[in-house]
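Chemist: Kindly generate the corresponding structure for this input.
(one chain, ligands or ions: 3)
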Amino acid sequence: MKLSRTLLAVTALALPLCGSATLAADKAHQDVKKRVDALFRHLDSNQDGRITRAETEAAVAARFATADGDADGQMNQAEIQAMGVARAAQIVADKDRDRNGRLSPEEMDGEWAMRLFEETDEDRDGVITRADVEKVVKRNLMPQN
Ligand SMILES: [Ca+2]
Ligand SMILES: [Ca+2]
Ligand SMILES: [Ca+2]
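Modeler: Ligands and ions are numbered 1, 2, ... in the order given. Below you'll find the model as predicted:
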């Protein structure tokens, strides 16, 4: 569950969520490719086919600045929802460590970037490859495949 939520959260940073797990298999394959492509387009800033922790943090920080509608440096539930994240209330409840009802970049991005690497980088080399991401996206979209 943790893994699935992390991937959804990270994917939501890069593109609006679309489709569902009920897609036909071939369509699901295209969906996996689209999600992976979109993720790499947004996160792999030097386009070497690998996403590093620094690239992820930079992209997340840029996305945070764009999504921070009231420019208070914090992400409230409405702002998270506006990013296309379905379970914004749950995410705020989970991550709001100082209980001010909003997520600071540290409460939000630090968690996401860290989990992305801890949970997606299965071979623990500090870099996420296409293969790493595809494996996790597939597992989330097509659990029986
Ligand atoms: Ca890269
Ligand atoms: Ca805000
Ligand atoms: Ca907070």
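Chemist: Tell me how far the particular helix or strand that has Thr56 in it lies from the chain's centre.
Modeler: Applying DSSP states H and E as the criterion places Thr56 in helix 53-67. Taking Cα atoms, centre = their mean, to the nearest Å, one finds helix 53-67 lying 11 Å from the centre of the chain it belongs to.
Chemist: and if you look at stretch 36-48?
Modeler: That offset, for stretch 36-48, works out to 13 Å (Cα atoms, centre = their mean).
Chemist: If you count neighbours, what's buried in that stretch?
Modeler: By neighbour count on 16 or more other Cβ atoms under 10 Å, the buried set for stretch 36-48 is 36, 39-40, 42-44. Placement of C-beta: from N, CA and C, glycine included.
Chemist: For this structure, which segments count as strands?
Modeler: Assigned by DSSP state E, the chain shows strands spanning 50-52, 127-129.
Chemist: Enumerate the residues of this structure near ligand 3.
Modeler: Residues of the chain lying close to ligand 3 (Cβ under 5 Å from the ion) are 96, 98, 100.
Chemist: can you tell me which of the residues you listed lies nearest to ligand 1?
Modeler: Asp96 (31.2 Å; Cβ to the ion).
Chemist: burial measure for that closest one, as a count.
Modeler: Applying other Cβ atoms under 10 Å, we find 19 other residues in the vicinity of Asp96.
Chemist: mind listing what it touches?
Modeler: Residues near Asp96 by Cβ atoms under 8 Å, 6 or more residues apart in numbering: 102-103, 107.
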